[in-house]
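Q: got a predicted structure plus its sequence, pasted below:
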Amino acid sequence: MLLAIDVGNTRIKTAVFEDNTLLEVFVFDKKEMIEKLEFILEQYSKIKSIVVASVGNIDKSVFLTFEKTTSIHFISHQSQFPFDNLYSTPKTLGIDRLVLATGATLQFPNQNRLVIDAGTCITYDFVDEYNQYLGGAISPGIRLRYESLHQFTAKLPLLTKAYPEYVIGNSTEESIHSGIVNGVTLEIDGFIEQYKAQYAKFIIILTGGDAEFLAKRLKNTIFANSNFLLESLNQTFQYNQK
């Protein structure tokens, strides 16, 4: 039994796996980590390995607390991945993006794959049918856009994300919702159209905290799975064990 841990910019997501079967997902703040991990390991006493992928700032020594009962594995740039990394600066490529590309490569063999992770940032990662990682794009996520409008202007309010009723916002709040939510969906669809111009066929995987929020608003056919990174982390671990 395996515990997969995704340390993000704003929160931690974990999942318990029995081989390739996802049993349960937990989401919590970083300050709760020790307490929550102790609870999970108590609930699932058969967990023998923990695999960690981190893009957030966290002290790795925190995990040493659990070394007596489990083996700890950190995914890094030195880990093995099932694709050729053609990124011009491979050491700067985020661990989360490497893990997502691994999941896409292993779950959808012999085809072009575009992974869109809609979280704190929106990342785009493309692996072609020859298992070559080509790169992608990074842009601000939905929450960052709301916060930026509030923090870098004098009078715009901080809002919680919501679907705009119309493209034309008839109030400041509706205008913000329209600008951000419609802006993000148009951005994603626009990126997809640019990929379509270069590649005749590919699968699109949408994941991240805002995946379900965005899925129904996108015009392109996608495979939406908010737990894709955790599943990919489990697969990355298994790939490295082999």
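A: Perfect, I can see it now. Numbers count the residues shown, from 1 in each chain.
Q: dump the longest helix seen in the chain to PDB, keeping only the CA atoms.
A: Ordering each helix of the chain by length in residues (DSSP state H) puts helix 183-198 first. Output in PDB follows, covering the C-alpha atoms of helix 183-198 (Å, rounded to 0.1, in the frame of the first residue of the first chain):
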ATOM      1  CA  GLY A 183     -10.400  34.800 -20.000                       C
ATOM      2  CA  VAL A 184      -9.100  31.500 -18.700                       C
ATOM      3  CA  THR A 185     -11.500  29.400 -20.800                       C
ATOM      4  CA  LEU A 186     -10.700  31.400 -23.900                       C
ATOM      5  CA  GLU A 187      -7.000  31.000 -23.100                       C
ATOM      6  CA  ILE A 188      -7.200  27.300 -22.700                       C
ATOM      7  CA  ASP A 189      -9.300  26.800 -25.900                       C
ATOM      8  CA  GLY A 190      -6.900  29.100 -27.700                       C
ATOM      9  CA  PHE A 191      -3.900  27.000 -26.700                       C
ATOM     10  CA  ILE A 192      -5.700  23.900 -27.800                       C
ATOM     11  CA  GLU A 193      -6.400  25.300 -31.200                       C
ATOM     12  CA  GLN A 194      -2.800  26.200 -31.600                       C
ATOM     13  CA  TYR A 195      -1.800  22.700 -30.800                       C
ATOM     14  CA  LYS A 196      -4.400  21.400 -33.300                       C
ATOM     15  CA  ALA A 197      -2.800  23.500 -36.000                       C
ATOM     16  CA  GLN A 198       0.500  21.500 -35.500                       C
END
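Q: just the buried residues of it, please?
A: 184-185, 188, 191-192, 195 (16 or more other Cβ atoms under 10 Å). No exception for glycine: its C-beta is placed from N, CA and C like everyone else's.
Q: give the other helices and strands that it contacts.
A: strand 113-118, strand 121-127, helix 142-151, helix 211-215 (3 or more Cβ pairs under 8 Å, 6 or more residues apart in numbering; DSSP states H and E).
Q: picking up where we left off before, if we only consider the buried residues of helix 183-198, which is nearest to residue 36?
A: residue 184 (30.1 Å; Cβ to Cβ).
Q: and that closest one, what does it touch?
A: 118, 122, 141-142, 145, 214 (Cβ atoms under 8 Å, 6 or more residues apart in numbering).
Q: and the two most separated of the residues you listed?
A: The span of the contacts of residue 184, defined through Cβ to Cβ, is set by 145 and 214 at 12.8 Å.
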